[in-house]
Structure formats: structure tokens, C-alpha cells
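>>> Sequence and predicted model, in that order:
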Amino acid sequence: MSFDPPASIETRLFINGEFRESSDKQTFTLKSPATFKPVAEVYEATEQDTNAAVAAAKAAFPAWAALSPEARGGYLKKLSVLILEAHSELAYLEAISMGRPVSGYFDAFASSATFGHYAEAGYQALGTSSLNTPGHVNMTLRQPYGVVAAIIPWNVPILFLSNKSAPALMAGNTVVIKSSEKAPLTSAKIASLVEKAGFPAGVVNIISGHGHTSGALLSSHMDVRLLTFTGSGRTGRAIQISAAKSNLKNVILELGGKTPAVIFEDADIEKAAAETQHSIQWNSGQVCMANSRIYVQESIAPQFIETFRKKFQAVKAGDPTVQETNHGPQADEIQYNNVKSYIESGKESGTLILGADPVSSVKGYFVNPTIFTETPEDAKIMKEEIFGPVVNINTFKTEDEVIEKANNTDFGLYASVYTKNVDRALRMAKALEAGTVGVNCTSPAGARDMPFGGYKASGIGREGWTVGIENYLETKSVLMKFEEA
Ligand code: NAD
């Protein structure tokens with residue numbers, strides 16, 4: 001498959017069905033983290049632009065909500081097809097903006113499937129009825145909120161764009177999506193596909209810009225009734241505060257993680273090593289659910305660590321726009337410096353057994369796969385999300401001990417366990433404090449029909465095909481009294 005540059009790159013804001021420059025004409029420069037060269041001048045949404053996007057969504061809401069599920073679904077179906085057709089262009093755009101290697105780019109397939117799924121899901125919006133109150137036939141109505149805002153991160157942007165906007169739209173809401181300033185190009189491309197699919201003006205608005213301007217305004221906007229966010233805990237908390245201080249809008253938060261993977265001595269060591277190294281290496285470790293803490297039972301630790309090390313160091317770093325590369329740079333200089341500082345901190349607390357200065361010999365913000373062992377449980381790199389290809393491998397003796405260590409974190413997004421003992425697998429699945437537990441598999445393994453979200457500080461709410469529509473509907477109780485004969 002070829003991943004050639006597109007003839008032109010869309011960098012404007014998509015508001016009320018048309019592309020426009022920002023109201024003050026200001027742009028920000030997007031640079032490739034692999035070449036450091038500028039790749040685009042992107043229009044930054046001002047407060048005026050953000051207000052215009054919300055106003056357009058508000059105006060479009062009544063007519064959109066009044067459409068039949070088939071009519072709304074027709075637009076989503078068209079968009080699903082167009083996204084699939086744009087696969088190679090989307091892969092290329094992500095590669096030049098945040099360094100995602102084109103090899104293994106699956107986001108367009110996943111995003112297309114999500115729009116395709118929800119296109120058919122409109123009839124899931126059902127209320128209930130009850131005869132339990134004497135003299136009444138009571139019922140619940142499920143109704144869309146109105147304007148939904150979606151704020152997405154840069155690591156897998158269009159996956160989150162679709163996971164949030166497809167169910168929101170199908171439930172009858174209109175949306176304003178704000179992409180991340182680190183990876184705005186694929187969202188802007190999706191905007192051009194929304195235009196091509198013929199959505200009514202104002203139903204889908206997609207803007208680019210920084211968090212402190214458009215993101216903050218969406219969080220405090222009085223006309224936004226629900227805000228769905230994926231990103232860091234720091235921003236998630238700020239959004240929650242703004243929501244509380246403004247109109248108490250509903251908030252869905254998908255936040256960070258510090259996934260533990262527990263490897264018992266009866267596990268398939270080769271498979272466990274291959275999958276856990278893929279988890280922390282994929283997307284250069286910039287994955288919320290990446291297993292950044294591995295606990296291996298003492299008796300198999302030397303064998304597991306050696307197998308893991310060999311696989312982890314075999315990555316091919318380089319130009320993310322070519323198929324041969326499977327290890328891209330960190331998304332930008334800020335991410336790169338963050339990861340480097342965690343590695344420095346790790347050297348003071350644990351033992352570095354792979355990865356060292358220089359961080360990489362390849363030009364760009366590349367970080368070599370890095371392994372620490374014997375790191376104290378309370379060390380900074382065991383507690384905080386690094387968001388890089390950096391893993392801690394510690395050992396344990398007993399099941400109780402490892403449960404205590406695995407759960408000793410503020411996060412709870414994902415956890416995994418490798419064992420052939422069914423009883424132990426079930427005990428662990430119950431004991432691990434995480435929204436998803438993988439048994440003999442680890443992140444990024446997921447399932448479309450399983451809810452995804454965090455325990456503890458990893459978030460509020462769940463996303464996924466079986467719960468998506470529910471998230472975007474309010475419940476109204478209607479009490480209907482009748483005269484008994
Ligand atoms: P981030 O919080 O820095 O930014 C996310 C988005 O929020 C961006 O669009 C940004 O512009 C916006 N934003 C920033 N400040 C804002 C503010 N004050 N008000 C409103 N919006 C604001 O996160 P990131 O660096 O883009 O993404 C990485 C984080 O996302 C990691 O913590 C990762 O674990 C998390 N993440 C979670 C999941 C999940 O499903 N739970 C998935 C992917 C990433």
C-alpha cells in the first residue's frame with residue numbers, strides 16, 4: 001500500500017457545514033517529530049470560533065433530533081465508507097503530525113467500523129413502561145441532550161473522534177469536536193469527509209486548537225450539555241471543575257493509566273513476553289493502557305526478562321511514513337523531554353537493563369526501548385504515567401503480594417494476568433482494580449462489545465458499542481394517571 005502525501009492538507013476549522021479560517025487568522029505551526037520540519041500551519045480556534053461552533057450545533061439540534069434513525073444512520077453510513085477509502089491518507093497525516101508509523105495503522109478501519117455500527121444502532125434508544133403504580137401507566141422517554149462537546153487526545157485521534165461522536169450523533173445530539181494541537185490533521189480530514197457525506201450544516205463541527213482556549217471554553221460553555229473527554233488526568237480534573245462551575249454539564253472522562261501485567265510461573269513465557277513488550281512498545285508507549293509495570297514470578301524472572309529484552313530491543317526506529325518502521329518518535333518535544341526526565345529519575349531508583357544515553361541514534365524525538373528492574377514500588381516511575389517506551393519489571397513471590405502491588409496505584413484503567421490456572425485467573429480478575437482485566441492477553445487487546453473505562457483516577461463512565469448510545473441519552477419519567485372503571 002502506498003502512503004503518498006495528499007495533494008493538499010486541510011487545516012481550517014469546520015463550522016456550520018463550511019470550512020473557514022480562524023476569526024483572527026492566527027495559525028500554529030505543526031512540526032514533524034521525526035524530521036523537525038514544519039508540516040502545516042493549522043488554524044487555531046478562537047473563543048469567537050468556538051462559540052460559533054456551539055451556536056451552529058445548537059441551531060442544528062432540533063431538526064437532527066427529529067430525523068428517523070434510518071435518516072441519521074444514512075449519513076453515518078456514508079461517512080463510514082469515506083473514512084475507509086481515506087485509510088492511507090489518514091495514516092500518512094498521522095505519521096507526519098505525531099510520528100505514528102504507517103505500518104500497523106488501524107485507526108481508519110476501527111473508526112469506519114464504529115460509524116458503520118452506530119449507523120444501524122438507532123433503535124437501541126428505548127424507554128421502559130410500568131404498571132406498578134396503581135391507576136398509572138408510567139413510562140420513560142430517552143432523549144438526546146442537545147449539544148455534545150468532544151475533546152480528544154493526540155495518540156489515537158480518530159478512534160476517539162468516532163467512539164464519541166458516532167453514538168452521540170446517532171442518539172440525536174449534535175457535536176463540536178476539538179482535536180489535539182499535537183495531531184489536528186486527521187480530524188480536519190474527517191471534517192472534509194463529513195462535508196462530502198452531506199451531513200446537514202451544524203450537526204458536526206470540528207475545530208483545531210489548544211486546550212487553554214477552545215478546550216477551556218467548551219468545558220465552561222453554558223450551551224454544552226455533555227462533554228466527553230479522553231486525555232490526561234490533569235486536564236480531566238480541570239474540565240470537571242469547569243463543568244461544575246458553569247452549567248453542571250454531564251462529563252465522561254477517559255483518563256490515564258499505569259497498567260500492571262502479572263506473569264505467573266505457569267504462563268506461556270514466550271507469548272507473555274511477546275504481548276507485554278508489544279503493549280509498551282506500540283505507538284512508542286504513548287498509550288493510556290500500555291502495561292508499564294510488569295510483575296513476574298521470581299522462579300521464571302531471568303527467562304522472562306531475557307525473552308522480553310530481546311524482543312523489545314529489536315524495534316526498527318525510523319521514518320514513520322515508510323512501511324518498514326515500527327517504532328516512531330515521541331509525539332513532540334514536550335513528550336520527548338518528559339520521557340527523558342522519567343528515564344533519568346528511573347536511573348536513580350532502579351536498575352537500567354536496556355536503553356541508555358544517547359536516547360536514540362536516529363534523528364527525531366526517538367526514545368530507545370527502556371527497561372528498569374528492581375525499582376522500589378514508591379518510585380516516581382512506578383507511580384506516574386510516563387507515556388513512553390519505558391517499562392518496569394519487578395518480581396514477586398506470592399499471589400497476595402502481587403495483588404497488593406498491582407493495585408497500589410491511583411490508576412485503574414487496565415490490568416492483565418498470565419497463568420494457565422483457571423482458579424487463579426478468576427481470583428485475579430476479581431481482585432485487580434481496573435476497568436478491564438486481560439487474562440492471557442494484555443493491552444491493547446480490547447473487545448468492541450465490552451465497556452471500556454477506568455476505575456479510580458482513570459476516569460468516569462464507560463465507552464463501547466454496547467453502552468455508547470446510552471451515554472448520550474437523558475431519561476425522562478412520564479407519569480400517566482387514568483381513571484379506574
Ligand atoms: P491532554 O489532557 O494534555 O490533552 C487532551 C486534550 O485536552 C487535547 O485536545 C487538549 O488540547 C485538551 N486540553 C488541554 N488542556 C485543556 C483544558 N484546560 N481544558 C479543556 N481541554 C484541554 O492529554 P494528551 O496529552 O492529549 O493525551 C495523553 C493522555 O490521555 C494520557 O494521560 C493518556 O493516558 C490519556 N488517554 C486516555 C485514554 C483512555 O481511553 N482512557 C486513551 C488515550 C489517552
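Sure thing, it's come through. Because the structure is a prediction, the values reported are computed rather than measured.
>>> contacts, neighbours, all on C-alpha from now
Will do.
>>> ok, residue 304 to the ligand distance?
26 Å (Cα to the nearest ligand atom, to the nearest Å).
>>> Now that residue: which helix or strand?
helix 301-312 (DSSP states H and E).
>>> can you dump the C-alpha coordinates of that helix into PDB?
C-alpha atoms of helix 301-312 as PDB (Å, rounded to 0.1, in the frame of the first residue of the first chain):
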ATOM      1  CA  ALA A 301      12.100 -13.900  36.100                       C
ATOM      2  CA  PRO A 302      15.500 -14.400  34.400                       C
ATOM      3  CA  GLN A 303      14.000 -16.300  31.400                       C
ATOM      4  CA  PHE A 304      11.100 -13.900  31.000                       C
ATOM      5  CA  ILE A 305      13.300 -10.800  31.300                       C
ATOM      6  CA  GLU A 306      15.700 -12.100  28.700                       C
ATOM      7  CA  THR A 307      13.000 -13.000  26.300                       C
ATOM      8  CA  PHE A 308      11.300  -9.600  26.800                       C
ATOM      9  CA  ARG A 309      14.600  -7.700  26.400                       C
ATOM     10  CA  LYS A 310      15.500  -9.400  23.100                       C
ATOM     11  CA  LYS A 311      12.100  -8.600  21.600                       C
ATOM     12  CA  PHE A 312      11.900  -5.100  22.900                       C
END
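>>> Give me the helices and strands touching it, please.
Packing contacts for helix 301-312, counted by 3 or more Cα pairs under 8 Å, 6 or more residues apart in numbering; DSSP states H and E, involve helix 269-281.
>>> need the next SSE after the helix it packs on, C-terminal direction.
Defined by DSSP H and E, the subsequent element after helix 269-281 is strand 293-297.
>>> now that following strand against helix 301-312, angle please.
With axes from the mean of the first three to the mean of the last three Cα atoms, to 10 degrees defining the directions, strand 293-297 sits at 140 degrees from helix 301-312.
>>> Quickly run through the sheet partners of strand 293-297, with directions.
Sheet pairing for strand 293-297, assigned by DSSP bridges, gives strand 260-263 (parallel), strand 390-396 (parallel).
>>> Buried deepest among the ones you listed, which one?
When those are scored by mean count of other Cα atoms under 10 Å, the highest mean neighbour count falls to strand 260-263 (a mean of 31).
>>> right, and residue 419 touches residue 269 too?
No - with contact defined as Cα atoms under 8 Å, residue 419 does not reach residue 269; the gap is 9.6 Å.
>>> Of all the helix elements in this protein, which one is longest?
helix 47-66 (DSSP state H).
>>> As PDB, could you dump the C-alpha coordinates of that helix?
Provided in PDB are the C-alpha atoms of helix 47-66 (Å, rounded to 0.1, in the frame of the first residue of the first chain):
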ATOM      1  CA  GLU A  47     -13.300  32.000  21.600                       C
ATOM      2  CA  GLN A  48     -15.400  33.500  18.800                       C
ATOM      3  CA  ASP A  49     -14.900  30.400  16.600                       C
ATOM      4  CA  THR A  50     -15.700  28.100  19.500                       C
ATOM      5  CA  ASN A  51     -18.900  30.000  20.300                       C
ATOM      6  CA  ALA A  52     -19.800  29.900  16.600                       C
ATOM      7  CA  ALA A  53     -19.400  26.100  16.500                       C
ATOM      8  CA  VAL A  54     -21.500  25.600  19.600                       C
ATOM      9  CA  ALA A  55     -24.200  28.000  18.200                       C
ATOM     10  CA  ALA A  56     -24.200  26.100  14.900                       C
ATOM     11  CA  ALA A  57     -24.700  22.800  16.800                       C
ATOM     12  CA  LYS A  58     -27.400  24.200  18.900                       C
ATOM     13  CA  ALA A  59     -29.300  25.500  15.900                       C
ATOM     14  CA  ALA A  60     -29.000  22.200  14.100                       C
ATOM     15  CA  PHE A  61     -30.100  20.100  17.000                       C
ATOM     16  CA  PRO A  62     -33.900  20.200  16.800                       C
ATOM     17  CA  ALA A  63     -34.100  19.100  13.100                       C
ATOM     18  CA  TRP A  64     -31.400  16.500  13.500                       C
ATOM     19  CA  ALA A  65     -33.100  15.000  16.600                       C
ATOM     20  CA  ALA A  66     -36.400  14.900  14.800                       C
END
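>>> Tell me how many other residues crowd residue 142.
As a burial measure, residue 142 scores 17 neighbours (other Cα atoms under 10 Å).
>>> Against the ligand, how distant is the nearest residue to it once chain neighbours are set aside?
Leaving aside its sequence neighbours, residue 142 sits nearest to residue 475 (Cα to Cα, 6 or more residues apart in numbering; 4.8 Å). To the ligand, residue 475 is 25 Å away according to Cα to the nearest ligand atom.
>>> Ok, residue 422 next?
Where the ligand is concerned, residue 422 sits at a distance of 28 Å (Cα to the nearest ligand atom).
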